[in-house]
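S.K.: need coordinates for the below:
(chains A and B)
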Amino acid sequence: EDQVTQSPEALRLQEGESSSLNCSYTVSGLRGLFWYRQDPGKGPEFLFTLYSAGEEKEKERLKATLTKKESFLHITAPKPEDSATYLCAVHVGGGANNLFFGTGTRLTVIP
Amino acid sequence: NAGVTQTPKFQVLKTGQSMTLQCAQDMNHNSMYWYRQDPGMGLRLIYYSASEGTTDKGEVPNGYNVSRLNKREFSLRLESAAPSQTSVYFCASSEWAGTSGRNEQFFGPGTRLTVL
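M.R.: Predicted structure coming up:
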């Protein structure tokens, strides 16, 4: 059974304190792993797509990496405006582009 | 470009009432999706449409119907609302065309629905 698990559920960081969020997956035929950011009361905002193990993508203070079993979202020197819920999703094999989402990590960055 | 738009933003229904959630995208995307988001459950796919004129069930389709009106618009209908359908509903779209194309999905702002 396809499964996506994110950890931790919640994370509180001091401003400037770097850390990583984890997304582990058990799927057959990965066709892409996605990271999204979701602010309260808003829709998910697309951040990154990773397609193969070893791939890395960066955007400002965020860097996403992918292995055969998990992905990490590294946050370097976070600022309060990075506070949000970060969602991981996978696109598995087949003709449909259906994404399976994890339940997210709620990040709070304290000034 | 507005991206993906949804109406209404908020809605309160009584049990048994019906309503239609509207979604439109201006990115010329092929595929469109309806999700619901509940606390602790993550986003779950209700229905999707891989192209104009086609629709398929997702993980939680019971109690819902959809219509892909044209390439831009994809609506979700609740025929007889139940309290279990209280949720936040998101529409999304992607370029994906069945076997190729970019598969990132882009989301609308959501509709917050309460069924009393």
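S.K.: from here on, just use CA atoms for contacts and neighbour counts.
M.R.: Noted.
S.K.: how far away is the closest residue to residue B:10 other than its chain neighbours from residue A:18?
M.R.: Using Cα to Cα, 6 or more residues apart in numbering or on different chains and skipping the chain neighbours, the partner closest in space to residue B:10 is residue B:112 (4.7 Å). Using Cα to Cα, to the nearest Å, residue B:112 is found at 34 Å from residue A:18.
S.K.: ok, now residue A:9?
M.R.: From residue A:9 to residue A:18 the distance is 17 Å (Cα to Cα).
S.K.: number of nearby residues for the residue nearest to residue A:88 when sequence neighbours are not counted?
M.R.: Leaving aside its chain neighbours, residue A:88 sits nearest to residue A:35 (4.7 Å; criterion: Cα to Cα, 6+ apart). For residue A:35, the count of nearby residues is 24 (other Cα atoms under 10 Å in any protein chain shown).
S.K.: one more: the one 4 residues further on?
M.R.: Using other Cα under 10 Å, residue A:39 has 14 other residues around it.
S.K.: pretty sure residue A:81 is in a helix, no?
M.R.: Yes - counting by DSSP: H, G, I helix; E, B strand; the rest coil, one finds residue A:81 located in a helix.
S.K.: contacting residues around it?
M.R.: residue A:109 (Cα atoms under 8 Å, 6 or more residues apart in numbering or on different chains).
S.K.: residue A:32 contacts residue A:48, correct?
M.R.: No - between residue A:32 and residue A:48 there is no contact under Cα atoms under 8 Å: 9.9 Å.
S.K.: between those two, which contacts overlap?
M.R.: Counting by Cα under 8 Å, 6+ apart, nothing touches both residue A:32 and residue A:48.
S.K.: outside of the host helix or strand of residue A:85 itself, list whatever touches it.
M.R.: Per DSSP states H and E, residue A:85 falls inside strand A:84-91. Strand A:84-91 is touched from outside by A:4, A:6, A:23, A:25, A:30-40, A:44, A:97-108, with contacts defined as Cα under 8 Å, 6+ apart.
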